[in-house]
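no letters, just coordinates:
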Ligand SMILES: CC(C)(COP(=O)(O)OP(=O)(O)OC[C@H]1O[C@@H](n2cnc3c(N)ncnc32)[C@H](O)[C@@H]1OP(=O)(O)O)[C@@H](O)C(=O)NCCC(=O)NCCS
């Protein structure tokens, strides 16, 4: 029997969806892997209860619960958005998803009336700082001892962008 040439597999679609309680097992699996001091299930539940803009990015078409690629949480207060969490699964990093998630959260924030976005990042987190700087965030200050760290506390670099 002769071999049949199959067409190459199309790369599967991805879709954004609001984060729901049923997403939290996947979220926490990623969270625990990518942070030395991860958010807890309670932190995410509080964010969902408070109505913070919380989104996931999954593989597959809308309605298909494929692999979780990324997620993010933004708190919007009047005209300022505060990016509280932005995470890409270790397996999907360096694929442009952090950038796409950031764009999505910026658009959500604009749609809810925010004119600027603020975030904190660890000085030791060079990948995230690179992402934010390339995206157009400016460094506007430092919060002393903001983060827990092994053997003490770590400052936060505060960054801001006009939306
Ligand atoms: C930071 C993070 C969100 C970046 O997501 P990502 O999907 O890997 O990033 P992208 O592929 O979209 O990269 C966009 C740009 O960010 C920068 N960047 C991302 N990862 C980088 C790395 N490891 N080293 C240097 N620059 C990096 C680059 O400028 C990159 O552009 P390039 O690929 O053209 O060079 C991801 O590494 C992550 O989830 N880290 C753990 C959680 C975290 O630290 N979140 C931020 C908390 S403030």
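In hand now; what should we look at? Quick caveat: nothing in here was measured; it's all calculated off a predicted structure.

what residues does the protein put near the ligand?
34-35, 86-88, 93-99, 121, 125, 127-128, 130-131, 134 (C-beta under 6 Å from any ligand atom). C-beta: built from backbone N, CA, C; applies to glycine.

what about the closest residue to the ligand within the chain, neighbour count?
Closest residue of the chain to the ligand, C-beta to the nearest ligand atom: residue 98 (2.2 Å). By the criterion of other C-beta atoms under 10 Å, residue 98 has 23 neighbours.

give me the neighbour count for the closest residue to residue 79 other than its chain neighbours.
Once flanking residues are discounted, residue 79 sits nearest to residue 115: 4.5 Å by C-beta to C-beta, 6 or more residues apart in numbering. By other C-beta under 10 Å, 12 other residues sit near residue 115.

host element of the most centrally placed residue in the chain?
Centroid-nearest residue in the chain: residue 86, 2.0 Å away (criterion: C-alpha atoms, centre = their mean). Using DSSP states H and E, residue 86 sits within strand 80-88.

for residue 153, same thing?
With DSSP H and E as criterion, residue 153 is part of strand 152-162.

quick one: list the elements packing against that strand.
strand 116-121, helix 126-135, strand 138-149 (3 or more C-beta pairs under 8 Å, 6 or more residues apart in numbering; DSSP states H and E).

of all the ones you listed, which lies closest to residue 66?
helix 126-135 (23.5 Å; C-beta to C-beta).

so for the closest one, what gets flagged as buried?
By 16 or more other C-beta atoms under 10 Å, the buried positions in helix 126-135 come out as 128, 129, 131, 132.

check those residues and tell me the two furthest apart.
Checking the buried residues of helix 126-135 with C-beta to C-beta, the most distant pair is 129 and 131, at 7.3 Å.

in this protein, spot the helix with the most residues.
helix 97-111 (DSSP state H).

relative to strand 116-121, how tilted is it?
140 degrees (axes from the mean of the first three to the mean of the last three C-alpha atoms, to 10 degrees).

how is the closest residue in space to residue 38 that isn't next to it in sequence assigned, secondary-structure-wise?
The shortest distance from residue 38 to any residue other than its chain neighbours is 4.3 Å, reached at residue 31 (C-beta to C-beta, 6+ apart). State at residue 31, reduced to three classes by DSSP: H, G, I helix; E, B strand; the rest coil: helix.

what's near enough to touch residue 31?
38, 39, 87 (C-beta atoms under 8 Å, 6 or more residues apart in numbering).

so what's residue 119 bridging to?
Using DSSP bridges, the bridge partners assigned to residue 119 are residue 83, residue 159.
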